[in-house]
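> I need the structure of the sequence given here:
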Amino acid sequence: MNLIPVSEDSLVEPAQPDLPEPHLRPSPPAPGPSLRSSPPAPGPSLRPSPPAPGPSLRPSPPAPGPSLRPSPPAPRPISSSTPDKVSEATKKQASSRRSDHRIRKLKEEMERLKKGLLREKRRADRFRKTLQRLRNPKSKATSKINKLKSVRKAAATRQSVVEFLTRDENSRLLPGKKDTVTQNKVRKQRRVLTKSLKELYKEYKSNLGSEHTISYRQFGRLRPFYVTEPKASDRNTCACFDHENVKLLLDRIHQSGFIGSKSISDALVQIVCDVKKKKCMFRQCAKCCYSEIELAIPQNTGLVTWHQWQRERVCSEGKTFPHFVKRALTGKWEDLLKSFNEKLDALAKHQYIWIYQVEQCRALKNSLQDHEAVVHMDFSENYACKLNVEVQSFHYGGMMNGQYGHI
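Have a look, this model is predicted:
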């Protein structure tokens with residue numbers, strides 16, 4: 001094997017420029033001279049010569065070259081068929097989104113400022129009222145006086161409603177011993193309304209509306225607890241014969257839709273000038289003595305049925321006595337309207353006398369002296385005498401003698 005002598009000068013490599021640091025992993029070393037030690041040069045010395053200076057055993061920095069990291073994919077070229085308007089539309093959408101966002105932010109800020117302004121206004125109002133109260137020490141006393149006035153006015157209104165609803169023409173007192181109502185440990189005898197609450201409210205406004213102005217809802221609230229609507233068990237066994245016949249006719253006409261109200265008072269208002277004048281109610285007024293209620297009844301309406309109380313004479317065991325029965329009558333609408341006007345004309349006088357008696361009785365009650373009293377009596381009949389021990393034939397045979405008296 002032939003050895004080629006190598007000189008020291010040939011082992012010195014030229015200076016290399018500074019290379020950048022590698023990105024990922026070091027590249028393989030660049031080709032250069034062999035790393036093996038060269039054989040000793042021939043000479044008389046037996047010791048091996050020190051190794052000639054050579055390249056460093058450390059791996060040389062990698063030579064500059066392409067990076068091993070995969071390069072990002074190149075953007076795809078836009079097709080030549082896509083118009084330039086696509087980019088403009090995208091820009092417009094982005095700008096519109098930014099403007100919408102700004103508008104929303106501005107609206108939220110405006111709402112926040114409005115709430116703050118309202119809060120500050122309320123604080124300013126409180127401070128102003130406090131300042132006025134401190135400057136004017138009489139305002140507190142004035143407010144107390146106004147409060148007392150309002151309380152007194154409310155109490156007067158309530159008292160007026162109670163007095164109006166407890167009138168004998170507006171409600172009737174139940175005579176039963178058990179017909180009582182208790183509320184808050186206050187026991188009262190029940191009274192039943194004789195008219196609807198709406199009709200009573202109209203009369204209250206016409207009579208006392210100038211002094212006490214209240215709504216229908218408040219009128220219902222101020223009704224006393226012992227004045228109630230009539231129930232099915234509250235049978236009126238003392239109804240007026242004339243009033244009931246007119247009411248039956250009026251209900252039948254109202255049921256057919258030819259008249260708007262079922263109130264007898266409203267019907268009387270249509271045929272007289274003034275319900276409080278005696279001459280008008282006695283049908284002696286020259287202006288209204290011939291007035292009647294005229295209804296636009298269509299032709300060919302056929303027959304109509306209505307009910308009336310009638311007085312009949314019954315003979316029994318050689319005795320004749322009057323008997324009242326409720327009969328169903330059938331006829332034309334003209335007959336019903338004629339009967340209604342006749343009975344309403346006769347009822348006007350009866351209504352005036354009844355209202356006048358009630359008003360006079362109320363005036364006597366309100367003007368009582370300390371040494372005076374009012375006694376209200378009712379005629380009672382068919383009271384029977386009872387024994388502690390009775391035979392069966394005496395109890396069920398009707399052998400008891402009836403007693404009559406005033407209670």
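> so where do the helices sit in the chain?
8-11, 85-135, 138-165, 197-208, 216-221, 241-255, 264-269, 278-281, 333-366, 392-396 (DSSP state H).
> distance to Thr301, mean pLDDT and mean neighbour count added to the ones you listed, as a markdown table?
For the C-beta atoms, the positions are set from N, CA and C on the backbone; glycine is no exception. A markdown table is the format used below for the helices of the chain (distance: least, C-beta to C-beta, whole Å; pLDDT from 0 to 100; neighbours: other C-beta atoms under 10 Å):
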| stretch | distance to Thr301 | mean pLDDT | mean neighbour count |
| --- | --- | --- | --- |
| helix 8-11 | 142 | 48 | 11 |
| helix 85-135 | 65 | 87 | 10 |
| helix 138-165 | 40 | 82 | 13 |
| helix 197-208 | 28 | 88 | 16 |
| helix 216-221 | 35 | 92 | 14 |
| helix 241-255 | 12 | 89 | 17 |
| helix 264-269 | 21 | 88 | 17 |
| helix 278-281 | 32 | 90 | 18 |
| helix 333-366 | 6 | 89 | 15 |
| helix 392-396 | 53 | 61 | 10 |
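> okay, those helices in CSV with distance to Trp309 next?
Converted to CSV, these look like this (distance: least, C-beta to C-beta, whole Å):
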stretch, distance to Trp309
helix 8-11, 152
helix 85-135, 68
helix 138-165, 28
helix 197-208, 23
helix 216-221, 33
helix 241-255, 6
helix 264-269, 15
helix 278-281, 23
helix 333-366, 11
helix 392-396, 32
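> out of those, which gets nearest to Lys326?
helix 241-255 (8.7 Å; C-beta to C-beta).
> may I have that closest one exported as PDB, CA atoms only?
Extracted C-alpha coordinates of helix 241-255, given in PDB (Å, rounded to 0.1, in the frame of the first residue of the first chain):
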ATOM      1  CA  PHE A 241    -149.700  43.900  42.200                       C
ATOM      2  CA  ASP A 242    -149.500  46.900  39.900                       C
ATOM      3  CA  HIS A 243    -145.700  47.100  39.800                       C
ATOM      4  CA  GLU A 244    -145.300  43.400  39.000                       C
ATOM      5  CA  ASN A 245    -147.700  43.500  36.100                       C
ATOM      6  CA  VAL A 246    -145.900  46.500  34.500                       C
ATOM      7  CA  LYS A 247    -142.600  44.800  35.200                       C
ATOM      8  CA  LEU A 248    -143.700  41.600  33.500                       C
ATOM      9  CA  LEU A 249    -144.700  43.500  30.400                       C
ATOM     10  CA  LEU A 250    -141.500  45.600  30.400                       C
ATOM     11  CA  ASP A 251    -139.400  42.400  30.700                       C
ATOM     12  CA  ARG A 252    -141.200  40.800  27.700                       C
ATOM     13  CA  ILE A 253    -140.600  43.900  25.500                       C
ATOM     14  CA  HIS A 254    -137.000  44.200  26.500                       C
ATOM     15  CA  GLN A 255    -136.500  40.500  25.800                       C
END
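> many thanks, we can stop here.
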